[in-house]
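Novice: Structure of the sequence below:
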Amino acid sequence: MVVLQRNEVSRNRIVFFLTIILSAMALVGVTVNFQAAAGLTRTLWLVAGAVALVALALSALQLYGYPRRSQVLLFQNDDEIVVATNALHEGYKLRFLRDILGDNLTAFSDEERERFKSLEADGFYASLHARNTRKLVMLRLCTMIFDDVFVADRNNRWERHDSSNTSEPTFSKREMPRLTTWKSST
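Specialist: Numbering: from 1, shown residues only. All right, here's what the predicted structure looks like:
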């Protein structure tokens, strides 16, 4: 598995868009010049058109499969933090957190599992339950590996850290994620 840095991922997206534009231009050139060509030149135009179609299809497929922004919600209560994420397909991030936090992770109780079940309608899944972990440590770890980090305290005050361009500490904004079903029940 290859893990790309955030700036490399952005560069790849630009390359895919440029490939689509150049492929479309090549296809237009092939359709305009194909009728006027004869013999071997027609064959070359057909090969150029086929290559352009393949490049167009592969670039479109790469953009379609492009990962969405990974977001994590941190719910802090007294000495525990619950991590909910929308990026379950990126399990290596959760394994990274699990390996670092190790002994501080505990299983969800039935009540906690039921409390966070409503997040699933918004595409977030409660993944980890950490006890005796400092908020600052958890926040720093999450800004290193997720694009958006939302933190809620026990009074339902939210702060957002956008780390999509850099993993360095960012200034927080008082912003809540788009959650339709979440109700704070502490």
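Novice: which residues does the nearest residue to Met176 once chain neighbours are set aside bridge with?
Specialist: Spatial nearest neighbour of Met176, chain neighbours left out: Trp158 (4.1 Å); criterion: CB to CB, 6 or more residues apart in numbering. Heads up, the C-betas are built off the backbone N, CA and C, glycines and all. Beta-bridge partners for Trp158, by DSSP bridges, are Ala152.
Novice: Double-check Trp158 against Val149; I have them as touching.
Specialist: No - using CB atoms under 8 Å, Trp158 makes no contact with Val149, being 10.9 Å away.
Novice: Settle it for me: which of these two has more neighbours?
Specialist: Legend: neighbour count by other CB atoms under 10 Å for Trp158 and Val149, higher for Val149 (26 against 17).
Novice: Contacts only, for that one.
Specialist: When contacts are counted by CB atoms under 8 Å, 6 or more residues apart in numbering, Val149 is found next to Gln71, Val72, Leu74, Leu139, Cys142, Thr143, Arg160, His161, Ser163.
Novice: Swap in 7 Å and give it another go.
Specialist: Listed by CB atoms under 7 Å, 6 or more residues apart in numbering, the contact set of Val149 reads Val72, Leu74, Leu139, Cys142, Thr143, His161, Ser163.
Novice: which stretch of helix or strand covers the fifth one?
Specialist: Just to be clear, that refers to Thr143. Per DSSP states H and E, Thr143 falls inside helix 135-145.
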